[in-house]
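Novice: Based on what follows, work out the 3D shape:
(chains A and B, ligands or ions: 2)
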Amino acid sequence: MNGLNTSEEKNLWDIRQSAGMVFQNPDNQIIATVVEEDVGFGPENLGIPTEEIWQRVEKSLEAVGMLEFRHLSPNKLSGGQKQRVAIAGIMAMKPECIVLDEPTAMLDPNGRKEVIATVRELNKTENVTVLLITHHMDEVIFADRVFVMEHGHVVMEGTPREIFSRVEDIKRYRMDVPQVTELAYELSKEGYDIPAGLLTVEELVAAIDTLKKSQK
Amino acid sequence: MQIIFDKINYVYSGGTAFARHAIKDISFSIEKGEFIGLIGHTGSGKSTLIQHMNGLIKASSGHIYFNGEDIYDNSYKLKELRSKVGLVFQYPEHQLFETTVFKDVLFGPTNLGLDKLECELRAYEALKMVGIGDDLLDASPFELSGGQKRRVAIAGVLAMKPEVLILDEPTAGLDPKGRDDILEQIAKLHRESGMTIILVTHSMEDVANYADRLFVMNKGELVLQHSTKEVFAHYQELEKMHLAAPQVTYVMNALKDRGYAVTTDATTITEAKNEILALLRAKG
Ligand SMILES: Nc1ncnc2c1ncn2[C@@H]1O[C@H](COP(=O)(O)OP(=O)(O)O)[C@@H](O)[C@H]1O
Ligand SMILES: [Mg+2]
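Specialist: Ligands and ions are numbered 1, 2, ... in the order given. This next block holds a predicted model:
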């Protein structure tokens, strides 16, 4: 991490400050009884002066779209909202990197969308490095790079398009590809000229459109 | 077993300032051997609804009939109902507590008061049904993977030989392999033993692949109850309820919008593939 070796104990404090973690269960990451206090907890632990803590809390809650809930009790929030508060708590420590370990596994489709949109936004606007662990392939398509792990090894690495153009390999690891990717792959197996690794509905529809027009 | 709900309402903490009308005027009937998908946003009332089905919670108003009998009649044996309707809770693995896998699955049938041999036979059979091998019988449930734990929990319910199996988000948090394994086992039970299945899920792809009919809950009301295809044809309405259709349904609709003569009711990859192949093979 930034040239610091994680196996050296003396580095751990600095490393933990630059990389925050968000976990799967929205219900056991929030400690405080008021949203804004929870977000302020991290910077307070870092010994940040009070005034700056409040600035950071406000900015982080704003960044995850939760500012209007600042005075509420976390148990009044939905799963997706709780995860966004957990992410704000990490952002308030100004990390360079956020690791999210299946943050959407326990959420409904709407909560999943909220969390993924929030994380993408932070990546773009705050320039934090994001490492997202997920079982949902439709969340993977937004990544710059993808790693596939199996039995403790990285077995595939590449852009989403590169990874998802290898449908057979992915299936061999008992993983999934997005539904459109699989549909495109099935069509290409029938002999149609459809590019490998299509990721969205629009891309597949455009590919079929091109084929149809070339038939004329 | 046929199930009828007639205008069921349920209010949590009724009569207090915290009263919450969780499900409202729910009516439907389910025939023996159906595979029902139950979908709806978080908090829409799915878990509350299904807990009525084995008498775990009692409706604030309305009637429930199993095979024509009103389960709220004084003479009705609720205890029997619990053995006929198996309910697998959300995150059921949190409820494993015995020292071995086998003992955990034995718990249910033992509680029904069956003799020891019958209980053990049922436990073996149930574990086999969910694909847990003999090598794991004496393992501690806590040493298993997430997907295995969940299958053990499902076996615990199957060992009671229910006629109706209700699963509350059985694949949440599992990896694609764990998810497919569990769904395949459930589909097999449905096919081979004609068990009625009610599957609560957030995955539209899963219900598209397996369910005959879909029940859609929104804010405590049952707003749609049609065949899977008909429900997904209403994808714009579903989106307003924070739901969606499977991705392939959107592909077919987008093709149609571009002026291609395709049907839009495909909900699985195979259906969409066949429809698009027909389009590609057609001249012009
Ligand atoms: N034990 C409870 N006490 C009070 N309200 C509850 C309880 N359980 C659920 N609710 C409320 O009832 C509504 C329906 O919840 P639930 O049936 O769990 O929905 P779903 O399973 O669709 O997410 C929600 O508004 C929820 O907050
Ligand atoms: Mg629920």
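Novice: quick one: the strands in chain A?
Specialist: With DSSP state E as the criterion, chain A has strands at A:19-22, A:97-101, A:129-133, A:146-150, A:153-158.
Novice: Now do the same contact list for the residue most central in space within chain B.
Specialist: The residue lying closest to the centre of chain B (CA atoms, centre = their mean) is residue B:199, at 1.4 Å. Shown in contact with residue B:199 (CB atoms under 8 Å, 6 or more residues apart in numbering or on different chains): B:35, B:36, B:37, B:38, B:167, B:170, B:186, B:206, B:207, B:210, B:211. For glycine as for every other residue, the C-beta is placed from the backbone atoms N, C-alpha and C.
Novice: Can you read off the pLDDT for it?
Specialist: On pLDDT, residue B:199 comes in at 97.
Novice: Please report how far it lies from residue B:235.
Specialist: Separation of residue B:199 from residue B:235 (CB to CB, to the nearest Å): 20 Å.
Novice: List the buried residues of the strand or helix carrying residue B:122.
Specialist: Assignment of secondary structure by DSSP states H and E places residue B:122 within helix B:116-129. Residues of helix B:116-129 classed as buried by neighbour count (16 or more other CB atoms under 10 Å in any protein chain shown): B:119, B:120, B:122, B:123, B:124, B:126, B:127, B:129.
Novice: helices and strands around the longest helix out of those in chain B, which ones?
Specialist: What stands out as the longest helix in chain B, according to DSSP state H, is helix B:176-193. Applying 3 or more CB pairs under 8 Å, 6 or more residues apart in numbering or on different chains; DSSP states H and E, one finds that helix B:176-193 contacts helix B:116-129, helix B:146-158, strand B:164-168, strand B:196-200, helix B:204-210.
Novice: hey, least reliable of those by pLDDT?
Specialist: Note on those: helix B:146-158 shows the lowest mean pLDDT, a mean of 90.
Novice: now what about the longest helix seen in chain A, what contacts it?
Specialist: Ranked by residue count under DSSP H, the longest helix found in chain A is helix A:109-125. Here helix A:109-125 makes contact (CB under 8 Å, 6+ apart) with A:63-65, A:78-81, A:83-84, A:87, A:91, A:98, A:100, A:103-104, A:107, A:128-130, A:132, A:136, A:139, A:142, B:41-42, B:202, B:242-244.
Novice: again, but for stretch A:189-208
Specialist: For stretch A:189-208, using CB under 8 Å, 6+ apart, the contacting residues are A:141, A:160-165, A:167, A:178, A:180-181, A:183-185, A:187-188, A:211, B:247, B:250-251, B:254-255, B:258, B:273, B:276-277, B:279-280.
Novice: Look at the closest residue to residue A:133 other than its chain neighbours and say how many residues are nearby.
Specialist: The shortest distance from residue A:133 to any non-neighbouring residue, by CB to CB, 6 or more residues apart in numbering or on different chains, is to residue A:101 (4.9 Å). By other CB atoms under 10 Å in any protein chain shown, the residues close to residue A:101 number 13.
Novice: out of everything not next to it in sequence, what's closest to residue B:62?
Specialist: residue B:8 (3.8 Å).
Novice: does any part of the one helix or strand the one you found maps to sit near ligand 1?
Specialist: Residue B:8 belongs to strand B:3-12 when assigned by DSSP H and E. Yes: using CB under 6 Å from any ligand atom, strand B:3-12 reaches ligand 1 at residue B:12.
Novice: In three-state terms, label the nearest residue in space to residue B:233 that is not next to it in sequence for me.
Specialist: Leaving aside its chain neighbours, residue B:233 sits nearest to residue B:265 (6.2 Å; criterion: CB to CB, 6+ apart). Secondary structure for residue B:265, judged by DSSP: H, G, I helix; E, B strand; the rest coil, is coil.
Novice: Any figure for the gap between residue B:265 and chain A?
Specialist: For residue B:265, the distance to chain A (CB to the nearest CB, to the nearest Å) stands at 15 Å.
Novice: likewise residue B:166?
Specialist: 19 Å.
Novice: Would you map out the domains in chain A?
Specialist: The record's domain split for chain A, according to automatic domain parsing, is A:17-134, A:144-216.
Novice: for the shortest one, what is the average pLDDT?
Specialist: Confidence over domain A:144-216 (mean pLDDT, whole number) is 94.
Novice: cool, and stretch A:121-129?
Specialist: Average pLDDT, stretch A:121-129: 92.
Novice: And that stretch, what's buried?
Specialist: Buried residues in stretch A:121-129 (16+ other CB under 10 Å): A:122, A:123, A:128.
Novice: So which bits of the lowest-mean-pLDDT helix or strand in chain B are buried?
Specialist: Using mean pLDDT, DSSP states H and E, helix B:78-84 stands out as the lowest-scoring helix or strand of chain B, at a mean of 86. By neighbour count with 16+ other CB under 10 Å, helix B:78-84 contains the buried residues B:81, B:82, B:83, B:84.
Novice: just curious, which of these is nearest to ligand 2?
Specialist: Nearest to ligand 2 among the buried residues of helix B:78-84: residue B:82, at 19.7 Å, using CB to the ion.
Novice: how many other residues sit next to the nearest residue to the closest one once chain neighbours are set aside?
Specialist: The shortest distance from residue B:82 to any non-neighbouring residue, by CB to CB, 6+ apart, is to residue B:54 (5.3 Å). Residue B:54 has 20 neighbours, counted by other CB under 10 Å.
Novice: Surely residue B:54 is in contact with residue B:85?
Specialist: Yes: applying CB atoms under 8 Å, one finds residue B:54 in contact with residue B:85, separated by 4.0 Å.
Novice: which residues does the closest residue to ligand 2 within chain B contact?
Specialist: Nearest residue of chain B to ligand 2, counting by CB to the ion: residue B:47, 3.2 Å away. Applying CB under 8 Å, 6+ apart to residue B:47 gives the contacts B:90, B:168, B:200.
Novice: How much space separates the nearest residue to residue B:202 once chain neighbours are set aside from residue B:242?
Specialist: Computed as CB to CB, 6+ apart, the closest residue to residue B:202 that is not its neighbour in sequence is residue A:108, at 4.9 Å. In this view, residue A:108 and residue B:242 are 7 Å apart by CB to CB.
Novice: Backbone dihedrals for whichever residue of chain A sits closest to ligand 1, please?
Specialist: Closest approach between chain A and ligand 1, counting by CB to the nearest ligand atom: residue A:108, at 7.7 Å. Main-chain dihedrals, residue A:108, degrees, to the nearest 10: phi -80, psi 170.
Novice: That one reaches residue A:81, doesn't it?
Specialist: No: look at residue A:108 against residue A:81 with CB under 8 Å: they stay out of range, at 11.9 Å.
Novice: Can you read off the pLDDT for residue A:100?
Specialist: 94.
Novice: For it, list the residues it contacts.
Specialist: Applying CB under 8 Å, 6+ apart, the residues near residue A:100 are A:21, A:22, A:87, A:119, A:130, A:131, A:132, A:133.
Novice: of those, buried ones?
Specialist: Looks like the contacts of residue A:100 have A:21, A:22, A:87, A:119, A:130, A:132, A:133 buried, using 16+ other CB under 10 Å.
Novice: tell me the two of these that are most distant?
Specialist: Spatial extent of those (CB to CB) is set by the pair A:87 and A:133 at 14.3 Å.
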